[in-house]
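Student: Any chance you could fold what I've pasted below:
(2 chains)
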Protein chains: 2
Amino acid sequence: MNNPNIVILGAGYGGIMTTVKLQKSLGVNEANITLVNKHDYHYQTTWLHENAAGTLHHDRTRIAIKDVVNTSKVNFVQDTVISIKPEEKKVKLENSELSYDILVIGLGFESATFGIPGLKEHAFTIGNINSARLIREHIEYNFAKYNNEKENDQARLNIVVGGGGFTGIEFIGELANRIPELCEEYDIDKSLVRIINVEGAPSVLPGFDPQLVEYALNSLESRGVEFITGAMLKECTADGIVYEKDDKQVEIPSYTTVWAAGVRANSIVEESGFEHNRGKIEVRKDMRSPEYDDVFVVGDCALLMNPESGRPFPPTAQIAIQAADVVAHNVKAQAQGSNELEAFEPQILGTVASLGHNDAIGVILNDRKIFGWKATVMKKIIDNRYLLKLGGIGLLLKKGKFNIFY
Amino acid sequence: MNNPNIVILGAGYGGIMTTVKLQKSLGVNEANITLVNKHDYHYQTTWLHENAAGTLHHDRTRIAIKDVVNTSKVNFVQDTVISIKPEEKKVKLENSELSYDILVIGLGFESATFGIPGLKEHAFTIGNINSARLIREHIEYNFAKYNNEKENDQARLNIVVGGGGFTGIEFIGELANRIPELCEEYDIDKSLVRIINVEGAPSVLPGFDPQLVEYALNSLESRGVEFITGAMLKECTADGIVYEKDDKQVEIPSYTTVWAAGVRANSIVEESGFEHNRGKIEVRKDMRSPEYDDVFVVGDCALLMNPESGRPFPPTAQIAIQAADVVAHNVKAQAQGSNELEAFEPQILGTVASLGHNDAIGVILNDRKIFGWKATVMKKIIDNRYLLKLGGIGLLLKKGKFNIFY
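Tutor: Model (predicted):
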């Protein structure tokens, strides 16, 4: 009998961690492992907001796949997934087609604009390395232009962030640190720059303890950030946005709108005909699709129900990384012909939202609230633990965050 | 009798050096000295091409006026000159008006586009700190966008430089060094980038020895630069240029056209009604305007005839700096009621054109040709001598170029 073909789609948190686990636990004579990814690097999605703000270089955020994947054990294919044909056990790529015996879908998220006019065309999203560094350059370019025009154009200095969730707030925290540097670089009066957060809910950071939210608002407002809550984005154009609040429409001139208020699972899942719940595959306990015994799902494409709350777990890196352990175990079992599959039970160890390079808020084990310096250290510990897990001490030293007294 | 009012317009090479000389040689009880400049800094025009390419930060190129001008001796007015009224001995500024007894015009150059359609609207010029850093950001922004588009757009990677004179060639030399870095930063294949020089004359670097020109072309072509000589720029649009060569029109798609083929004296001179020769005031031997005994001209607004060749001296920093010595001497004499004015005789000590950070060509005393490493050292010595002259050892250490083994 031939070795089973294990195909892993996507080298995000879930996909790369599954691959790394499998390359350790499966011998080359037991299975053929293939990892498919668009780029030749993995990146830490949770660090992209720093690249977008320009406070951290993107090379710190990305990790060459060859640095963590042993390409003598794993076949790496750099290509873009077009569609999955689960009935035929095939995956169509842009440049080829792959057959699998066991498939792991780790295709991540894409941004969702909910049909708001102009958002898709004119807003930026913090989705990947390319789009993150483009935001950095876009903001800088507008600052560079400001003093080259006879009439000062305020739209160059207004930055609108749509959405006050985790990503929006973390991005704003970095921006608040970056703007004074940019003002110095381009001889612009700092007080002219506006960072405006537009959030539909009555408050930012939904799900966080009100005391922590209050702390975050104070920290950001003291650095000049404006919050407009309970406001719905109605339109985005090349030179501004319109929001509605209290039945009134307000326009903000801006060449930079960053949309951080909506993500959905990669639409390839839905388009490939999988049974789905708002684009995601509601997986079994063992992380397999309900329809196909040979298809596992990890990361943002998987919907995991929290039996306690009756609602889905949020799509976080933390859960993707934990799930990869179970997926790797179960893929290995299945490749070896065993039916003893583990069940996945997420353990939320804590959540920390950064507010810039020297402030953060968070909740750790047993709902203990932390903020300020302690929270920034906790955030870096979380980031560093992942690097250690993914690539050992070598990777940690290369890409880790050690400036804890920053 | 009141102290005479000495007003110096412009803090370029000629204006700032005249000011610095006068503050040393004239007591505060002898004259009131006022320096007018648009910005609160002086900048080295001959370094701007490095800022534009992104190989040197603009803060190295600019010098705060308060760092070289003693503001307890000299009244510094940060304002923009609107017009000069020599009959009334007045200067109109954007925010005020000044009266003078002795005037020094050092208003520098502006770019000339010779009526070529679209150039003024769409081409960039290396004219000041603002426009130089905008070019740097514009190029970088286009590189950042390149991998964010479904269809790769070659116009983002084509950089057209109009003019193969001194500035054009020096800019290209820096660009040739910068492009590989930008390609690494944005994951772009270096071989896709085109740097294209379009020059009307049959050869670049007019006035240089043919052997040195050959050396320069080899150096730049080996780094991928393309030269199109004997080609006239016919039009510049937002997305490209059209040139004509051998009666054929050729289009090059490009979002970045840098116009380095034409400068003229500041048009304020012409608009203020001074007798002029193609915009410049053809000064007497003592650097005074032929019409007004109380108006001196220094730098690019002054036309100096070379009696040997019968043609004007080129408008260089070297001559402006030398002329400032004579202007300062004569202004002082006139302020003290003397009629003993010196005559200015330019001494061309040498000319070195940089070809990037480790190559250059030049001619020094007695027409000796130099190139390569020696020429780069000579270039730095010239630059450093100026800093020493302007602001002493303190300024030299702060802004000098010492990386001679670069």
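
Student: Tell me the buried residues in whichever strand or helix holds A:I381?
Tutor: Using DSSP states H and E, A:I381 sits within helix A:373-399. Across helix A:373-399, burial judged by 16 or more other Cβ atoms under 10 Å in any protein chain shown covers A:375-380, A:382-384, A:386-387, A:389-391, A:395-396, A:399. Every residue, glycine included, has its C-beta placed from N, CA and C.

Student: Equivalent analysis for stretch A:272-284, please.
Tutor: Of the residues in stretch A:272-284, those buried under the neighbour-count criterion (16+ other Cβ under 10 Å) are A:S272, A:F274, A:H276, A:G279, A:K280, A:I281, A:E282, A:V283.

Student: would you turn these into TSV with secondary structure, pLDDT and distance to chain B?
Tutor: Compiled in TSV, the buried residues of stretch A:272-284 are given as follows (DSSP: H, G, I helix; E, B strand; the rest coil; pLDDT from 0 to 100; distance: Cβ to the nearest Cβ, whole Å):
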residue	secondary structure	pLDDT	distance to chain B
A:S272	coil	97	21
A:F274	coil	97	25
A:H276	coil	95	26
A:G279	coil	95	22
A:K280	strand	97	26
A:I281	strand	97	27
A:E282	strand	97	32
A:V283	coil	97	32
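
Student: want to throw those residues into JSON lines with distance to B:E184?
Tutor: Formatted as JSON lines, those follow (distance: Cβ to Cβ, whole Å):
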{"residue": "A:S272", "distance to B:E184": "36"}
{"residue": "A:F274", "distance to B:E184": "39"}
{"residue": "A:H276", "distance to B:E184": "40"}
{"residue": "A:G279", "distance to B:E184": "36"}
{"residue": "A:K280", "distance to B:E184": "37"}
{"residue": "A:I281", "distance to B:E184": "38"}
{"residue": "A:E282", "distance to B:E184": "43"}
{"residue": "A:V283", "distance to B:E184": "40"}
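
Student: what helix or strand does A:I139 sit in?
Tutor: Using DSSP H and E, A:I139 sits in helix A:129-146.

Student: Let me see the contact set for the nearest residue to A:L93 once chain neighbours are set aside.
Tutor: With Cβ to Cβ, 6 or more residues apart in numbering or on different chains as the criterion, A:L93 has its nearest non-adjacent residue at 4.1 Å, and that residue is A:D79. Taking Cβ atoms under 8 Å, 6 or more residues apart in numbering or on different chains as the criterion, A:D79 is in contact with A:V36, A:N37, A:K38, A:L93, A:E94, A:N95, A:S96.

Student: Please report how far A:D79 lies from A:I281.
Tutor: When distance is defined by Cβ to Cβ, to the nearest Å, A:D79 is 22 Å away from A:I281.

Student: What of A:I139?
Tutor: A:I139 sits at a distance of 37 Å from A:I281 (criterion: Cβ to Cβ).

Student: which residues does A:D189 contact?
Tutor: Shown here is A:D189, whose contacts under the criterion Cβ under 8 Å, 6+ apart are A:C183.

Student: Can you name the residues in contact with stretch A:163-176?
Tutor: Stretch A:163-176 is touched from outside by A:49-50, A:52-56, A:126, A:159, A:161-162, A:195, A:197-199, A:201, A:203-206, A:216, A:219-220, A:223-225, A:227, A:229, A:258-262, A:353-357, A:359, with contacts defined as Cβ under 8 Å, 6+ apart.

Student: Now that we have the residues you listed, which of them are buried?
Tutor: Those of the contacts of stretch A:163-176 that meet the buried threshold are A:49-50, A:52-56, A:126, A:159, A:161-162, A:195, A:197-199, A:204-205, A:216, A:219-220, A:223, A:225, A:227, A:258-262, A:353-357, A:359, by 16+ other Cβ under 10 Å.

Student: Get me the contact residues on chain A for chain B.
Tutor: With Cβ under 8 Å from any Cβ of the partner chain as the criterion, chain A meets chain B at residues A:130-131, A:133-134, A:136-138, A:140-141, A:144-145, A:147-148, A:185-187.

Student: Emit the ChimeraX select command for whichever of those residues are buried.
Tutor: Here the buried members of these are turned into a ChimeraX selection, burial being counted by 16+ other Cβ under 10 Å:
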select /A:130,131,133,134,136,137,138,140,141,144,145,147,185,186,187
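
Student: which of the residues of chain A next to chain B lies closest to A:T61?
Tutor: A:R133 (9.7 Å; Cβ to Cβ).

Student: still on that earlier bit, and the helix holding A:I139, what other elements does it pack with?
Tutor: With contacts defined as 3 or more Cβ pairs under 8 Å, 6 or more residues apart in numbering or on different chains; DSSP states H and E, helix A:129-146 has these neighbours: helix A:48-53, helix A:58-61, helix A:166-185, strand A:256-259, helix B:129-146.

Student: Could you rerun that using 7 Å?
Tutor: helix A:48-53, helix A:58-61, strand A:256-259, helix B:129-146 (3 or more Cβ pairs under 7 Å, 6 or more residues apart in numbering or on different chains; DSSP states H and E).

Student: tilt between it and helix A:166-185?
Tutor: Per axes from the mean of the first three to the mean of the last three Cα atoms, to 10 degrees, the angle that helix A:129-146 makes with helix A:166-185 is 40 degrees.
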